[in-house]
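Asks: Mind folding the following:
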Amino acid sequence: MRRLLIGVITVLAVLLAGCSTRSDSNGTASEETDAAKASAPASGGPDFGTLKDVCGKGDTTSGSAQGVTADEIKAGVFTDVGFNKTPDFVDAAKVFTSWCNDNGGINGRKLTPVIHDAKLTEVRQRMQEACKEDFALVGGGAALDGLGAKDRVNCLLPSYPAQSSLMPAVGSDLQLMPSGPYADYFQYAGFYKWLLTEKFPASADSVGIISGDSPVTKLLAAQFTESIAQLGGKVSYSELYPATGVSDWTPYAQSIKSKKVKGLVFLGDFASLAKLEQALTSLGYAPDWIDSNSNSYGDPFIQLGGAALDTQHNYAELFAVHPLETASDSPAVEKVKELYAKYAPDAKVGYLSLRAFSAWLLFATSARDCAELTRKCVYDNAAKNTEWTGGGLQAPFDLSQPHTPSKCYSIVQASSKGWKPADFKPDNGAYRCDAPLVKYKGKYGKPITLADVGKSMSDLK
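Replies: Residues are numbered from 1 along each chain as shown. Predicted coordinates for the structure are as follows:
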């Protein structure tokens, strides 16, 4: 997930220089006629996929925890929507809480999402606000979340995010995610093992990396270089591109061709990748594979890439989230689409929507099972899930061992016609579950712990 908003992270250097570039989006708002809105499906009760009675009525008394009353639970939602104009986390919060509240809330308490728009650089300000009013953080994320990690841990604010991007937030204490990333492990090990040893073994010694010129992407490039080597591959070509953008990608395409790069890792925004692929196509060259990353998974990349996507070979790993293109195989994904049609008919269901929903479901079911609603109770309940699937939105994940990567992964590929699951030989429904463990040997930073702020788990109440 640290690559999910890598294009946004890359432009931080641009902001510091007083400039900006295009931000990323995993989907665009769709318009529906009034007739379509009127015919939107009903919410269908409190069940979600394999999860039963997620929300419901109950008898509650005044809460003793911050953000909790007899009638309400305040859940903070981080987003960068004011910067990247991507409303995925805001939309997911609206849809989930509307559905949950229509079914009685959390044991009778209304779920109120409190939106914290970090606008990329205001993470600490928003986190300090959240520390004063929220019960927990749920279903969101900020590209520069590492800036607020110490404040969050210090104020003992648990987080159940949809994404985590940077050290020291990744793997930090009091944070539980329904799936990766991981602080100490390469989170794409299964994907790259498939690329380098099974699907395209001839590419193993000819991997290239192009990344935006910023400290964040340089660190990621180092992690990929090390991990590819551990998996038997070799990075033979590495290049940076200016964070201010590239007016002509032809020189980069010529370098890739001259170096005979057979596998390409692109650490940047998908709009730039689309232009690079058009330049490669114009030169008549196509690597065996391009890792376009999950940031590109959506209609905008297809529209930008156009016919070049039929020449180039784009693949992306979805962190064991069920692909939207085969939603009919997953009642849980179909449920998300149904709820969006009812509560946010103009919003687009995307990859981030599914990740956010899994986080909201984790929080809601963990809070539901508390006789007394406290941060500690919810956190402990969430950590007891050893095969969390979000009701069927993702492959099983062991939240009792959140720092150990899942062995499961899902891979999609792109063409001008859209995205579809790749032929990667799934062995567990939509997923394949044989990923090796690739632990970093280099030093890439560390997550914030309670000990770093002079506290321990006994301080969580």
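
Asks: Am I right that residue 420 is in contact with residue 413?
Replies: Yes. With contacts counted by C-beta atoms under 8 Å, residue 420 reaches residue 413, the gap being 6.4 Å. C-betas here are computed from N, CA, C, even on glycine.

Asks: neighbour count winner among these two?
Replies: residue 413 (18 against 13; other C-beta atoms under 10 Å).

Asks: could you measure that one against residue 314, distance?
Replies: To residue 314, residue 413 is 6 Å away according to C-beta to C-beta, to the nearest Å.

Asks: CA-only coordinates of stretch 78-89 in PDB, if you can.
Replies: Extracted C-alpha coordinates of stretch 78-89, given in PDB (Å, rounded to 0.1, in the frame of the first residue of the first chain):
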ATOM      1  CA  PHE A  78      -8.200  10.700   7.200                       C
ATOM      2  CA  THR A  79      -8.000  11.800   3.600                       C
ATOM      3  CA  ASP A  80      -6.100  14.000   1.200                       C
ATOM      4  CA  VAL A  81      -9.200  14.900  -0.800                       C
ATOM      5  CA  GLY A  82      -8.400  18.600  -0.600                       C
ATOM      6  CA  PHE A  83      -5.200  17.900  -2.500                       C
ATOM      7  CA  ASN A  84      -5.800  15.000  -4.800                       C
ATOM      8  CA  LYS A  85      -9.500  15.400  -5.300                       C
ATOM      9  CA  THR A  86     -10.000  11.700  -4.700                       C
ATOM     10  CA  PRO A  87     -13.000  11.200  -2.500                       C
ATOM     11  CA  ASP A  88     -12.700   7.400  -2.000                       C
ATOM     12  CA  PHE A  89     -12.400   7.400   1.800                       C
END
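
Asks: Tell me which residues of the longest helix along the chain come out buried.
Replies: Longest helix in the chain, counting residues (DSSP state H): helix 351-368. By neighbour count on 16 or more other C-beta atoms under 10 Å, the buried set for helix 351-368 is 351-368.

Asks: For that helix, name the packing helices and strands.
Replies: Applying 3 or more C-beta pairs under 8 Å, 6 or more residues apart in numbering; DSSP states H and E, one finds that helix 351-368 contacts helix 88-102, strand 136-138, strand 159-160, helix 331-343, helix 375-383.

Asks: Switch these over to a markdown table; also include distance to residue 166 and mean neighbour count.
Replies: Converted to a markdown table, the helices and strands packed on helix 351-368 look like this (distance: least, C-beta to C-beta, whole Å; neighbours: other C-beta atoms under 10 Å):
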| stretch | distance to residue 166 | mean neighbour count |
| --- | --- | --- |
| helix 88-102 | 17 | 24 |
| strand 136-138 | 16 | 29 |
| strand 159-160 | 14 | 29 |
| helix 331-343 | 27 | 20 |
| helix 375-383 | 22 | 20 |
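
Asks: Just tell me which of those ends up closest to residue 273.
Replies: helix 88-102 (19.8 Å; C-beta to C-beta).

Asks: Could you tell me the angle between that closest one and helix 351-368?
Replies: 40 degrees (axes from the mean of the first three to the mean of the last three C-alpha atoms, to 10 degrees).

Asks: the inter-axis angle of helix 88-102 versus helix 331-343?
Replies: Using the same axes, to 10 degrees, helix 88-102 lies at 90 degrees relative to helix 331-343.

Asks: what's the next helix or strand after helix 88-102 packed up against?
Replies: Note on helix 88-102: by DSSP states H and E, the next helix or strand toward the C-terminus is strand 110-117. Applying 3+ C-beta pairs under 8 Å, 6+ apart, one finds that strand 110-117 contacts strand 72-79, helix 88-102, helix 123-133.

Asks: Let's have these in TSV, adding mean pLDDT and distance to residue 55.
Replies: TSV is the format used below for those (pLDDT from 0 to 100; distance: least, C-beta to C-beta, whole Å):
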stretch	mean pLDDT	distance to residue 55
strand 72-79	98	11
helix 88-102	98	4
helix 123-133	98	22
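
Asks: Nearest to residue 200, out of those?
Replies: helix 88-102 (31.6 Å).

Asks: what does the domain assignment say about the protein?
Replies: 35-181+327-398+446-459, 189-318 (automatic domain parsing).

Asks: ok now the shortest one, how far from the chain's centre?
Replies: In terms of C-alpha atoms, centre = their mean, to the nearest Å, the gap separating the centre of domain 189-318 from the centre of its chain is 20 Å.

Asks: what distance separates the start and the end of it?
Replies: 12 Å (C-alpha to C-alpha, to the nearest Å).

Asks: any idea where the strands of the protein begin and end?
Replies: Secondary structure of the chain (DSSP state E): strands located at 72-79, 110-117, 136-138, 159-160, 207-212, 235-241, 263-267, 289-291, 314-317, 408-409, 411-415, 418-421, 432-433.

Asks: need the domains of the chain in a markdown table with distance to residue 405, can you?
Replies: Below are those laid out as a markdown table (distance: least, C-beta to C-beta, whole Å):
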| stretch | distance to residue 405 |
| --- | --- |
| domain 35-181+327-398+446-459 | 6 |
| domain 189-318 | 7 |
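
Asks: so which of those gets nearest residue 438?
Replies: Residue 438 lies closest, by C-beta to C-beta, to one member of the domains of the chain: domain 189-318, at 4.3 Å.

Asks: as a whole number, average confidence for stretch 272-279?
Replies: If you average the pLDDT over stretch 272-279, you get 97.

Asks: follow-up on the earlier one: could you check the angle the longest helix of the chain makes with strand 411-415?
Replies: Going by the same axes, to 10 degrees, helix 351-368 makes 150 degrees with strand 411-415.

Asks: Next, the angle from helix 351-368 to helix 375-383.
Replies: Using the same axes, to 10 degrees: helix 351-368 against helix 375-383 is 120 degrees.

Asks: picking that back up, relative to residue 176, which of the helices and strands packed on strand 110-117 is closest?
Replies: Smallest distance to residue 176 across those (C-beta to C-beta): 14.1 Å, for strand 72-79.

Asks: roughly how far out does the closest one sit from the chain middle?
Replies: 18 Å.

Asks: Select, out of the domains of the chain, the one closest to residue 426.
Replies: Between those, domain 35-181+327-398+446-459 lies closest to residue 426; by C-beta to C-beta that is 9.7 Å.

Asks: Would you convert the helices and strands packed on helix 351-368 into TSV that also reports distance to residue 49?
Replies: Converted to TSV, these look like this (distance: least, C-beta to C-beta, whole Å):
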stretch	distance to residue 49
helix 88-102	13
strand 136-138	18
strand 159-160	18
helix 331-343	3
helix 375-383	17
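
Asks: Of all these, which one is nearest residue 294?
Replies: Closest to residue 294 of the helices and strands packed on helix 351-368 is helix 88-102 (C-beta to C-beta; 12.5 Å).

Asks: so what does the closest one touch, helix or strand wise?
Replies: Counting by 3+ C-beta pairs under 8 Å, 6+ apart, helix 88-102 packs on strand 72-79, strand 110-117, helix 331-343, helix 351-368.

Asks: Identify whichever of those lies nearest to residue 50.
Replies: helix 331-343 (7.5 Å).

Asks: Could you list the residues in contact with that closest one?
Replies: For helix 331-343, contacts defined as C-beta atoms under 8 Å, 6 or more residues apart in numbering pick out 40-44, 48-50, 91, 94-96, 98-99, 322, 324, 327-328, 347, 349, 353-354, 357, 389-393.
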